[in-house]
Structure formats: C-alpha cells, structure tokens
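Peer 1: no FASTA, just this:
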C-alpha cells in the first residue's frame, strides 16, 4: 500500500498524488523553431527516498513498513538540507528539497542556521576544515556504495542524486587530499595540536546539529504519522534517528580505512587518541552496516 498514512487510514495527500502521477508532456522549443517534448520528473512519494543501509532502517523495526517509508522520507528531507549546509551550491539537492516540500506533510523544520554553522567553520584552522572536507567527501562516496543495489527500492531521483554525489566526491578527492597534506606540511607540532582540537570542535558542532535535527524530525514524524505514538515510542524514534544521522554525517566517513590512515600519518599517537576518544561515544557498532572499500 503506497502513500502516506493519514488519519488512521492509508492515503495520499493531493500534492503527493500529483507528484506520483505521470507528468503530461511539456512542449519546448527545439532547434529551428520545432517543438520537442520534455517530460517533467517528480518524486515518487510511494517509495523510500534513501537506501535502508544509509537510514539504518533496522533500528526502526518497531514501526510498520509504511511508517518506515515515512522515516526514510523524513531522513531524505533532512539529508538534502544538511548537505546544502555542509557542501553548499548543490542545485540538484535544492530541486529535490522543493519537490519534497510539495509532496510531504506540512510541519517539517530544518533546525541548523547555515550562517552559524559557516561562522563556526570559518573560525577554525585551515587544517581542520580540510580534514572535515575530506571526511565529507569520503562520506559521499560511502553513501553511493551503500545505495548500490537499492535502485529499485528508492525513488529514482534520489538514486540519481546519491550517484551524482559519489561521482562528484570521487573527482575532487585527490585535490582535497593534496590540499590537506600540503597544509599539514606547513604546521609545527604546536600548530598541529591546535588544529587537532579544532577538528574535534567541528565534529562536536556537527553532532550537536544532528541531535537538534533528530529531535525536530522525531516530532515531525510523530505529527505526520497515522497514529499517536506513546512517549517511549517517540523516544525510540528520536534515538534511532540520531544513530542514523551520526552514521550518515560522521561515522560513514570515519570508518573508511583511508581516512584513518590519513590521520595516523599526520597526527601523533596522543593526538590520534584524542580524536578517537571524541568519536567513541558516537559508535553503536551493532547497528552499523559493513562498508566495503577498495
């Protein structure tokens, strides 16, 4: 049964029905003044938006299949907005966000203030920002791999978006890594120690953002769900969302062996231990899928 769960029954909002109905051909001027036909694309709200291995859907096993689909769509909404803040200038994600706003229930709220996030990032050392840039790039490539084989289970435009993010990250990886290595070569031990602290601060900022968004998304899910969630269920939804968000925006990059190798090659054992200690509370290893990286 497709569509959102509304008022205790399975249904689909008018905007969502429009989003999944076949689009009529749109005339467009071609070469020589001839008319060509262009098909507009819409999001399929009857499907999940993100693959299960990315949303850690197993952590939501207390929800029905329809509710799990809504969880995936809520995570997709936040995914587009979060990457818009972290990566900037992502027009394909902006288009997805506009389409999701038109077909999902009202009440969604994106918590982070992009200006505040940008100010925190700009206040930290170049080394730490380049470290975060490389980490995010590895995350995007990991997300692409986690989506392999899920193309038939998720919305086609989301499958395309994950593939594009992974391809873009792969193209810029060598340059980003070279910039980071060059900056590292400039630092003396004291400066590298401060930069390590800055990187930990940036990771902490991201985790704080994720905690706030998980709370807001749990409230949104509860309001959009067809049934009333009791307090314990809502708390489980929030905890599972936070676990998934930490996986998506921090741990799916940290777990890539290449990132650990880069850190080990730049940091002292004590500095590396500080980063590991900062990350340790975020891990819930039982719920994280295996990442194959060659």
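Peer 2: Alright, I've got the coordinates. Everything quoted here is computed from the prediction, not taken from an experiment. Numbers count the residues shown, from 1 in each chain.
Peer 1: can you give me the strands in the protein?
Peer 2: For the chain, the strands defined by DSSP state E cover 5-6, 9-10, 25-29, 35-39.
Peer 1: mind listing what the residue nearest to the spatial centre of the chain touches?
Peer 2: Closest residue to the average C-alpha location of the chain: residue 79 at 3.6 Å, with CA atoms, centre = their mean. If a contact means CB atoms under 8 Å, 6 or more residues apart in numbering, then residue 79 has 49, 50, 248 as its contacts. All C-beta atoms are positioned from the backbone trio N, CA, C, and that covers glycine.
Peer 1: and the gap between it and residue 215?
Peer 2: Distance of residue 79 to residue 215, computed by CB to CB, to the nearest Å: 17 Å.
Peer 1: do residue 224 as well
Peer 2: 15 Å.
Peer 1: quick one, which of those two is more surrounded?
Peer 2: Ranked by neighbour count (other CB atoms under 10 Å), residue 224 and residue 215 place residue 224 first, with 19 against 14.
Peer 1: next one: phi and psi at the residue lying closest to the more buried one once chain neighbours are set aside?
Peer 2: Distances taken as CB to CB, 6 or more residues apart in numbering place residue 105 nearest to residue 224, at 4.2 Å, with adjacent residues excluded. The phi/psi pair for residue 105 (degrees, to the nearest 10) reads phi -60, psi 150.
Peer 1: how many neighbours does residue 105 have?
Peer 2: By the other CB under 10 Å criterion, the neighbourhood of residue 105 contains 18 residues.
Peer 1: swap in residue 278?
Peer 2: Neighbourhood size, residue 278 [other CB under 10 Å]: 17.
Peer 1: that one reaches residue 203, doesn't it?
Peer 2: Yes - because the distance of 6.0 Å satisfies CB atoms under 8 Å, residue 278 is recorded as touching residue 203.
Peer 1: all helices for the stretch 51-200 of the chain, in order.
Peer 2: Along the stretch 51-200 of the chain, counting by DSSP state H, counting those that start in this stretch, helices occupy 52-55, 65-86, 91-103, 114-122, 126-146, 156-186, 189-224.
Peer 1: tell me how far the third one lies from the chain's centre.
Peer 2: For helix 91-103, the separation from the chain centroid amounts to 14 Å (computed by CA atoms, centre = their mean, to the nearest Å).
Peer 1: likewise the first one?
Peer 2: In this view, helix 52-55 has its centroid 10 Å away from the chain centroid, taken as CA atoms, centre = their mean.
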